[in-house]
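Peer 1: Next comes the sequence, and after it the predicted model I'd like to discuss.
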Amino acid sequence: MPKELRGFIAELEAKSPEDLARVTKRISARYEISALLTHLEKRKRFPLLYFDNVEGGRAPVVINAQASRQLMAMALECEPNELARKFSERQARPIAPMEGKAGPVHEIIKLGDEVNLGEIPLLTHYDVNAAPYITAGIVVAADPDTGVRNTSYNRLMMAGKRELRIFMAIGRHLWTLHNKLESRNEPLPIAIVIGVHPLFSLGAQALTPADEDEYAVIGGMMNEPLRLIKAKTVPILVPADAEMIIEGKILPHVRGVEGPFGEFTGHAVDSDDRQVIEVTAVTHRKGYIFQDIHAGYTEHKLMGAVPREAALLKAVRQSVPTVKNVCMPVSGNCRFHAYISIAKRTPGQAKNAICAAFAADMLLKHVVIVDDDIDVFDEERVLWAISNRFQADRGLVVIANAQGSELDPSAGPGGVNAKMGLDATKPLGDFPAELRVPNEVMTRIRLEDFLPKLAK
């Protein structure tokens, strides 16, 4: 059975029904789904949400497929605190895709003027958003000279029945491919993949060199060959088991206003002239499911954390082999913040780890290094370590005028910002011991034996 979104939902319903919530009452794609999600976020509840009856569209909507480490761990078949390690293992074993002649994503085909993006239940998340957006679309493009395929998440604003406007980060692979073809006065053919298994999504976000085929990385993440078929109007192979494919081309030397848009920082980015996509076809499964990622909410912040945690773990390990684990917490937007635990052997290792982390990920603003007795996934323990083991005069590292994220609302022009590292590890040698109840007593005295109601 191929790994697909609907299969993951069925597995979740069977194995962990408390992590799935179905909404049958009619609800609007304009703000109302966002309002419901906001109420859940305030209660720290992050189930996969399945909306059966959405106004303004002809399909159910799924959101929050990667809104918790528990959900991603279920997909990767590991414990939540092992995600980075498991991700690294699978990324290191790419599996070449397998081409076929037909697949479910071609059950319904609309070409040219038959296409109407208004029939898709595109969501409007915030009052600042200029239009409905595709937020869970994975853009696939191929290098025209090598054929190597790239996958990336890009925000896509609806601008007409057959027009989208796209934000591409400067210097990233997709931006580079478009620049290459634009210099030749040629459009860049693309396919936008919507509705995939969480493992497809994780693989699509892997940090890879430009010469590595990301379909093979996705196959490695899924632990099976990705099934591909030929697109209808562009020279690209597309995933046969996706829910929907939007085919098109990014036009050369054509720009249109995109934005404002509410981003992962919790702030809106201003409108600007962006590249334009002419949509040439839409194909989808019968009874397709439309997938959305709510910008600025937990899923949006968390879903990119695991690939970047895996990359950080690998990079820091080259400088500090005793690194234990890495967490990019939701509280830090999972892009600007990292907690890293190490088994410190020499006085300078924590600072080496800080430098290695900043060198590996230019978006990072804050890195906290803790000892290996601190669980980096427990933010209270990390803050406890900062309170008890950090001294600013010897443990603070500040790097001024470094490249960061263009989306950081506090950064200077071009995303230039200051970076801060905190060495919250104990000094080597004598240091006051942490208070502990003897392990034998902790094992012997069980809550359920004395306070059974509180143990539930």
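Peer 2: Yep, that arrived.
Peer 1: Quick one: residues contacting the closest residue to residue 181 other than its chain neighbours.
Peer 2: Once flanking residues are discounted, residue 181 sits nearest to residue 188: 4.7 Å by CB to CB, 6 or more residues apart in numbering. Backbone N, C-alpha and C define where each C-beta goes, glycine included. Counting by CB atoms under 8 Å, 6 or more residues apart in numbering, residue 188 touches 141, 177, 178, 181, 182, 249, 250, 252.
Peer 1: can I assume the last one sits in a helix?
Peer 2: No: secondary structure of residue 252 (DSSP: H, G, I helix; E, B strand; the rest coil): strand, not part of a helix.
Peer 1: where does the protein have low pLDDT?
Peer 2: The chain contains residues with pLDDT under 70 at 262, 264-268, 332-334.
Peer 1: if we go to 50?
Peer 2: Under the criterion pLDDT under 50, no range of the chain is flagged.
Peer 1: Buried residues, stretch 361-378. List them.
Peer 2: 361, 363-371, 374-377 (16 or more other CB atoms under 10 Å).
Peer 1: Output those as JSON lines; include the columns secondary structure and distance to residue 13.
Peer 2: Listed next are these as JSON lines, based on DSSP: H, G, I helix; E, B strand; the rest coil; distance: CB to CB, whole Å:
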{"residue": "361", "secondary structure": "coil", "distance to residue 13": "36"}
{"residue": "363", "secondary structure": "coil", "distance to residue 13": "35"}
{"residue": "364", "secondary structure": "coil", "distance to residue 13": "37"}
{"residue": "365", "secondary structure": "coil", "distance to residue 13": "39"}
{"residue": "366", "secondary structure": "strand", "distance to residue 13": "38"}
{"residue": "367", "secondary structure": "strand", "distance to residue 13": "39"}
{"residue": "368", "secondary structure": "strand", "distance to residue 13": "38"}
{"residue": "369", "secondary structure": "strand", "distance to residue 13": "41"}
{"residue": "370", "secondary structure": "strand", "distance to residue 13": "38"}
{"residue": "371", "secondary structure": "strand", "distance to residue 13": "41"}
{"residue": "374", "secondary structure": "coil", "distance to residue 13": "36"}
{"residue": "375", "secondary structure": "coil", "distance to residue 13": "31"}
{"residue": "376", "secondary structure": "coil", "distance to residue 13": "32"}
{"residue": "377", "secondary structure": "coil", "distance to residue 13": "27"}
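Peer 1: ok, which pair from those residues is furthest apart?
Peer 2: Using CB to CB, the buried residues of stretch 361-378 reach their maximum pairwise distance at 363 and 371, which is 25.5 Å.
Peer 1: before we move on, the earlier item: could you list which of the contacts of residue 188 belong to strands?
Peer 2: Judged by DSSP state E, the subset of these located in strands is 141, 249, 250, 252.
Peer 1: what about burial for these, which qualify?
Peer 2: When those are checked for burial by 16+ other CB under 10 Å, the buried set is 141, 249, 250, 252.
Peer 1: Out of those, the closest to residue 211 would be?
Peer 2: Checking those one by one against residue 211 (CB to CB), the nearest turns out to be residue 141, at 14.4 Å.
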